[in-house]
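Student: no sequence on this one, just coordinates:
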Ligand SMILES: [Zn+2]
């Protein structure tokens with residue numbers, strides 16, 4: 001394990017110690033380096049400091065912007081350069097200066113506070129200002145949409161550029177990011193929302209969606225000759241590509257009445273024999289059975305834990321991972337829900353995603369351990385010990401858009417895969433279980449096929465279940481931490 005000697009100025013630590021330490025841990029572990037924290041007066045590889053506290057013996061100096069750390073959520077994104085978000089990230093009100101590294105007196109000096117930038121993206125500071133609809137879904141501001149910020153994954157771009165800077169400064173090859181010498185990773189996931197149709201209701205929904213052309217299929221559903229039980233077909237498709245996915249099941253059984261009253265939980269019962277048998281088949285074949293927390297699970301830790309137990313009992317296996325139905329974490333305080341994941345003993349969660357927008361909500365194509373901010377003091381807080389696996393694409397984000405042709409949809413998702421490859425990140429797809437039907441959902445499955453073809457063609461992706469990927473990330477993270485010193489909580 002390679003490690004770097006790093007020093008953080010005491011002024012910065014007083015200002016935002018826990019947040020700064022956390023951001024550094026995410027950066028260095030992702031980059032694959034361990035660390036030894038040293039005093040600012042000692043020789044070091046990296047100093048994170050201000051102009052007034054410049055060390056005399058540092059190979060790389062990253063200049064901090066204390067004014068950002070004083071009010072993180074007050075910084076609003078004004079722009080981002082396409083293809084190089086690292087060098088041209090601008091907050092509004094800031095006089096923008098180029099931030100390329102310059103070599104002076106034998107050292108590299110970075111005049112851009114990339115540690116703050118990383119913190120700002122990964123903790124979703126600007127989200128606090130955005131309008132939310134009844135489901136808690138955000139509407140993004142214009143600069144974010146116009147410059148396709150989410151699709152660029154700026155936080156990962158920062159990590160990659162930082163790694164390149166270390167190489168430029170002569171540091172050795174770091175710890176590999178993915179197993180088997182693979183460049184990037186991918187996981188396919190399925191939210192199981194409607195595996196069983198309501199035979200008198202679904203035909204109406206089909207006709208509503210497809211008009212007269214849907215009458216034939218609606219009749220087939222009404223008469224029981226067409227349904228949503230697509231699990232065997234999913235397994236066959238994925239086995240043909242040599243991959244295994246995760247299926248997320250809702251343990252709480254909803255009803256039409258509840259649905260009409262605003263709690264849109266699915267109607268199936270995970271304890272029914274049909275589902276118990278399905279769980280066995282999936283697990284025996286190497287698929288992952290995960291948890292799809294109900295719409296309001298976040299409102300009660302006891303309910304959330306009870307859902308987990310109910311599913312664990314029905315599937316006779318421990319639940320490693322979760323995704324919230326409707327991505328529905330506490331809309332006013334997602335950090336609180338992230339903390340609940342740790343409280344109920346999950347290995348990973350994969351819910352930090354925008355419902356309507358393609359790309360990475362927190363700017364990262366890499367797994368990370370989230371940071372829970374506490375109250376008004378944004379920079380005091382703590383790391384949450386549950387891996388977050390960021391989703392790149394959900395089927396409905398593109399399939400419901402009538403302004404796009406099918407080739408355009410496929411091209412947009414393939415661009416995300418190529419971006420992940422370039423950033424050596426993780427590509428997570430979410431395709432609902434019930435859309436495996438070209439008649440009922442034309443084009444939905446085709447986009448996933450295009451995804452699988454691209455990943456296969458690239459040939460250097462590690463495709464695994466989310467639980468396997470999260471376990472790898474945790475093991476790698478802890479390995480780096482175990483041979484590092486400093487940048488710890490509670491200093
Ligand atoms: Zn769902």
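Tutor: Structure's in. What do you need? Treat the numbers as computed from the prediction; the structure is a model and nothing was measured. Numbering: from 1, shown residues only.
Student: contacting residues for the residue nearest to residue 448 when sequence neighbours are not counted?
Tutor: Closest residue to residue 448 apart from its sequence neighbours, by CB to CB, 6 or more residues apart in numbering: residue 431 at 5.0 Å. In this view, the C-beta of every residue, glycine as well, is placed from N, C-alpha and C. For residue 431, the contact set (CB atoms under 8 Å, 6 or more residues apart in numbering) comprises 188-190, 394-395, 444-445, 448.
Student: and if you look at residue 323?
Tutor: Neighbour list for residue 323: 189, 191, 248, 290-293, 349-351, 430 [criterion: CB under 8 Å, 6+ apart].
Student: Tell me the one among those nearest to residue 370.
Tutor: Comparing these against residue 370 with CB to CB places residue 349 closest, at 8.6 Å.
Student: Tell me which residues touch that closest one, please.
Tutor: 321-323, 338, 341, 386-389.
Student: What's the separation between it and residue 71?
Tutor: Noted for residue 349: a distance of 28 Å to residue 71, by CB to CB, to the nearest Å.
Student: Which stretches in the stretch 1-150 of the chain count as strands?
Tutor: Per DSSP state E, counting those that start in this stretch, the stretch 1-150 of the chain carries strands over the ranges 3-8, 34-37, 44-49, 58-63, 77-79, 90-91, 102-104, 107-110.
Student: Averaging pLDDT over each of these, report the lowest-scoring one.
Tutor: Sorting those by mean pLDDT places strand 102-104 lowest, at a mean of 55.
Student: Residue of the stretch 1-150 of the chain nearest the ion, please.
Tutor: Across the stretch 1-150 of the chain, no residue is closer to the ion than residue 135, which sits at 11.4 Å (CB to the ion).
Student: residues near the nearest residue to that residue once chain neighbours are set aside, how many?
Tutor: Of all residues not flanking residue 135 in the chain, residue 326 sits nearest, at 5.6 Å (CB to CB, 6+ apart). Residues within reach of residue 326, counting by other CB atoms under 10 Å, total 19.
Student: SS state for residue 326?
Tutor: helix (DSSP: H, G, I helix; E, B strand; the rest coil).
Student: So which of the contacts of residue 349 are in strands?
Tutor: With strands defined by DSSP state E, the entries of the contacts of residue 349 inside them are 321-323, 387-388.
Student: Greatest separation within the residues you listed: which pair is it?
Tutor: Farthest pair in those (CB to CB) is 323 and 387. Separation: 13.0 Å.
Student: Quick check: residue 193 touching residue 396?
Tutor: No. The pair residue 193 / residue 396 is not scored as a contact, 10.7 Å apart, by CB atoms under 8 Å.
Student: the more surrounded of the two?
Tutor: Using other CB under 10 Å as the criterion, residue 193 and residue 396 rank with residue 193 on top: 21 against 16.
Student: Kindly list the main-chain dihedrals of the more buried one?
Tutor: Main-chain torsions, residue 193, degrees, to the nearest 10: phi -100, psi -50.
Student: Apart from its neighbours in sequence, what residue is nearest the most centrally placed residue in the chain?
Tutor: Centroid check for the chain by CA atoms, centre = their mean gives residue 390 as the closest residue, at 1.1 Å. Leaving aside its chain neighbours, residue 390 sits nearest to residue 360 (4.9 Å; criterion: CB to CB, 6+ apart).
Student: and for the helix or strand in which residue 208 is found, what are the contacting residues?
Tutor: In this structure, residue 208 sits in helix 202-210 according to DSSP states H and E. By CB under 8 Å, 6+ apart, the residues outside helix 202-210 that reach it are 214-215, 217-219, 221-222, 228, 440.
Student: same thing with stretch 43-53?
Tutor: For stretch 43-53, the surrounding residues in contact (CB under 8 Å, 6+ apart) are 4-12, 20, 24, 38, 40, 54-55, 57-64, 66, 115, 171.
Student: ok, residue 186 touching residue 461?
Tutor: Yes. Applying CB under 8 Å, one finds residue 186 in contact with residue 461, separated by 4.8 Å.
Student: what does this structure have sitting close to the ion?
Tutor: Residues of the chain lying near the ion by CB under 5 Å from the ion: 191, 193, 325.
Student: Does anything pack onto the helix or strand hosting the first one? Which helices or strands?
Tutor: Going back to what we said before, that points to residue 191. Secondary structure assignment for residue 191, by DSSP H and E: strand 184-192. Packed against strand 184-192 by the contact rule (3 or more CB pairs under 8 Å, 6 or more residues apart in numbering; DSSP states H and E) you find strand 246-249, strand 288-293, helix 406-423, strand 426-430, helix 444-458, strand 461-463, helix 466-482.
Student: For residue 445, report the pLDDT, please.
Tutor: Reading off the model, residue 445 has pLDDT 92.
Student: which residues does it contact?
Tutor: Applying CB under 8 Å, 6+ apart to residue 445 gives the contacts 431, 435-438.
Student: 10 Å instead?
Tutor: 230, 233-234, 237, 395, 399, 431, 435-438 (CB atoms under 10 Å, 6 or more residues apart in numbering).
Student: what do you get for residue 138?
Tutor: 124, 126-127, 129-132, 144, 331, 354-357, 361.
Student: mind running it again at 6 Å?
Tutor: Going by CB atoms under 6 Å, 6 or more residues apart in numbering, residue 138 touches 130, 132.
Student: what does residue 217 give?
Tutor: Neighbouring residues of residue 217 by CB under 6 Å, 6+ apart: 206, 439-440.
Student: Same question for residue 315.
Tutor: By CB under 6 Å, 6+ apart, the residues touching residue 315 are 279, 289.
Student: measure it to the ion for me?
Tutor: Distance from residue 315 to the ion, counting by CB to the ion, to the nearest Å: 18 Å.
Student: and that residue, backbone torsions?
Tutor: Dihedral pair for residue 315: phi -100, psi -10, per degrees, to the nearest 10.
Student: Now restrict the ones in strands among the contacts of residue 349 to buried residues only.
Tutor: 321-323, 387-388 (16 or more other CB atoms under 10 Å).
Student: Just the contacts of helix 202-210: which are in helices?
Tutor: In helices, defined here by DSSP state H, the members of the contacts of helix 202-210 are 215, 217-219, 221-222.
Student: end to end, how far does stretch 219-229 reach?
Tutor: 17 Å (CA to CA, to the nearest Å).
Student: distance between it and the chain's centre?
Tutor: Distance of stretch 219-229 from its chain centroid, counting by CA atoms, centre = their mean, to the nearest Å, is 35 Å.
Student: May I see the buried residues of it?
Tutor: By 16+ other CB under 10 Å, the buried positions in stretch 219-229 come out as 220-222, 226-228.
Student: now swap in stretch 64-81 and tell me
Tutor: For stretch 64-81, burial by neighbour count (16+ other CB under 10 Å) applies to 64-66, 68-69, 72, 74-75, 77, 80.
Student: From these, which one has the minimum pLDDT?
Tutor: residue 80 (69).
Student: What residue spans form the domains of the chain?
Tutor: As assigned by automatic domain parsing, the chain contains the domains 3-176, 179-479.
Student: Next, the distance between the ends of the shortest one.
Tutor: Meaning domain 3-176. The straight-line separation of the ends of domain 3-176 (CA to CA) is 14 Å.
Student: now swap in the longest one and tell me
Tutor: Counting by CA to CA, you get 14 Å between the two ends of domain 179-479.
Student: Pull out the buried residues from the contacts of stretch 43-53.
Tutor: 4-9, 12, 20, 24, 38, 40, 55, 58-64, 66, 115, 171.
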